[in-house]
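In: just the structure for this:
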Amino acid sequence: MSQEWNIRSRGNACCICGQMFEDKQPCVSVLRELPDVFERRDYHTLCWRDETRDWQAYSVWDGEYAAPPAIVKDEPVKKEAAETLLRRLILLEDPAMRNVVYVLAVMLERGKQLVERDAQPHESGGILRVYEHKKTGDAFTVLDPRLRMDEIGTVQQQVVSLLSGTAQLQAEATAFPAGGTPAPQANG
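Out: As a prediction, this is how the structure comes out:
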């Protein structure tokens, strides 16, 4: 599977019985690998236990459903939050941002916003990590590119410049290719 990262939102109802989840209700979340994508399925614990499956789950974890928060109008923010940046980069699907996506996911995991639920070897030689957002229940698949120590400083610079708003995503993608080394710049 060539897909290296993506976000899958938690369902609000059991995929088997269709009943809505209640706030703080135990549930089971599953990622199932299909030919070109991961499918997320959320179950009531009894429905998961009783379902007859002719497929094998890629990743399974127990969780607790959290009702979506009331919509609050956000104030304009000059600096982008790490989570917002991570979501934007994942939606861009730019391979040049692979290392930045991974570092942002690790930052959010250390900040207790994401919880790692699974890790599997990936065909690229890296590790495909499955994270769940603690509040929203969104599942993120992020490729761990197995950065070398000499690459970390460059990736940290990318992250800092993107978070501070001093760099735009397209400029970063051109200046820092997937390998993490700045591209040569023309002197003018």
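
In: need the longest helix for the protein.
Out: Ordering each helix of the chain by length in residues (DSSP state H) puts helix 149-164 first.

In: and that helix, which residues are buried?
Out: T154, V155, Q157, Q158, V159, S161, L162, L163 (16 or more other C-beta atoms under 10 Å). All C-beta spots, glycine's among them, are computed from the backbone N, C-alpha and C.

In: take those residues and lay them out in JSON lines including distance to I127.
Out: What follows is these, written out as JSON lines (distance: C-beta to C-beta, whole Å):
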{"residue": "T154", "distance to I127": "20"}
{"residue": "V155", "distance to I127": "16"}
{"residue": "Q157", "distance to I127": "24"}
{"residue": "Q158", "distance to I127": "21"}
{"residue": "V159", "distance to I127": "20"}
{"residue": "S161", "distance to I127": "26"}
{"residue": "L162", "distance to I127": "23"}
{"residue": "L163", "distance to I127": "24"}
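
In: thinking again about what came up before, for the longest helix of the chain, which helices and strands make contact with it?
Out: The helices and strands touching helix 149-164, judged by 3 or more C-beta pairs under 8 Å, 6 or more residues apart in numbering; DSSP states H and E, are helix 82-92, helix 98-110, helix 169-175.

In: so what are the domain limits for the chain?
Out: 6-64, 82-175 (automatic domain parsing).

In: most tightly surrounded among those domains?
Out: Among the domains of the chain, ranked by average contacts under mean count of other C-beta atoms under 10 Å, first place goes to domain 82-175 (a mean of 17).

In: pLDDT weak spots in the protein?
Out: Within the chain, the segments meeting pLDDT under 70 span 1-5, 70-80, 166-188.

In: once you drop chain neighbours, what's closest to the spatially most central residue of it?
Out: Geometric centre of the chain, nearest residue: F140, 2.6 Å, by C-alpha atoms, centre = their mean. Residue nearest to F140 in three dimensions, not counting chain neighbours: Y131, with 4.4 Å by C-beta to C-beta, 6 or more residues apart in numbering.
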